[in-house]
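1. quick one: sequence plus predicted model below, questions after.
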Amino acid sequence: MYISIPNNNTYSEELAVRFFKSDNTEWIANFQNGDGDLTVSFELNKHIVIIANGICYVMNPDEQKPISTFGRSLIYANQLTDDRIILTEYGNISIIEKDGTTWHSNSIGPDDLTILKIESNIIYGQYSDYMGQSDEEWNNFTLNIDTKEIKAIAAS
């Protein structure tokens, strides 16, 4: 029997995932898909992170409901060597911490962003400004993963 995630009393075949509980029993979740193309899973200590076509679900395998759910069209996911997970959706960045808690930025850019590199717990990226709110089409930024401080970097 599939358990619909989220439990909205509708059944559809979307993304089925088998979970193994700590007592060695198992159950199958049927995750609702989002509007994107990104589908991936990560192990995170005692949690499993499932991204189903752009929607992120942070799960405890012993529980049949998500710890948290966010996103609709996530486009980027990367697990760092310290196990934290970085995700992007349009002009926003989310970080899933090692304990499964999440942090979400306010909109970094009005349109889209890209991560260029992650080095020494600093995200280096660019956000687009197609709407003309700045003189540059792409603007540089950094995000300190530890402090969550976002800084715009002036074009040189």
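-> Ah, there it is.

2. tell me the domain ranges of the protein?
-> 1-104, 108-156 (automatic domain parsing).

3. name the helix or strand for the residue nearest to residue 69 when sequence neighbours are not counted, please.
-> Closest residue in space to residue 69, ignoring its immediate chain neighbours: residue 57 at 5.4 Å, by Cβ to Cβ, 6 or more residues apart in numbering. For glycine as for every other residue, the C-beta is placed from the backbone atoms N, C-alpha and C. Applying DSSP states H and E as the criterion places residue 57 in strand 55-59.

4. list the contacts of that strand.
-> 5, 19, 29, 31-34, 44, 47-51, 66-72, 74, 87, 94, 96, 100, 102 (Cβ atoms under 8 Å, 6 or more residues apart in numbering).

5. low pLDDT regions in the chain?
-> The model of the chain has pLDDT under 70 over residues 8-12, 130-136, 154-156.

6. middle-most residue in this protein, spatially?
-> Closest to where the C-alpha atoms of the chain average out (Cα atoms, centre = their mean) is residue 87, at 3.7 Å.

7. residue 80 is in contact with that one, correct?
-> No: counting by Cβ atoms under 8 Å, residue 87 does not reach residue 80; the two are 11.7 Å apart.

8. one step back: right, and the helix or strand after the strand holding residue 57?
-> Sequence order places strand 68-70 as the next helix or strand after strand 55-59, per DSSP H and E.

9. list the helices and strands that following strand packs on?
-> Contact analysis of strand 68-70 by 3 or more Cβ pairs under 8 Å, 6 or more residues apart in numbering; DSSP states H and E lists strand 55-59, strand 102-104 as its packing neighbours.

10. repeat that with 6 Å
-> In terms of contacts (3 or more Cβ pairs under 6 Å, 6 or more residues apart in numbering; DSSP states H and E), strand 68-70 is packed against strand 55-59.

11. burial of residue 69, as a residue count?
-> Counted with other Cβ atoms under 10 Å, residues neighbouring residue 69 total 17.
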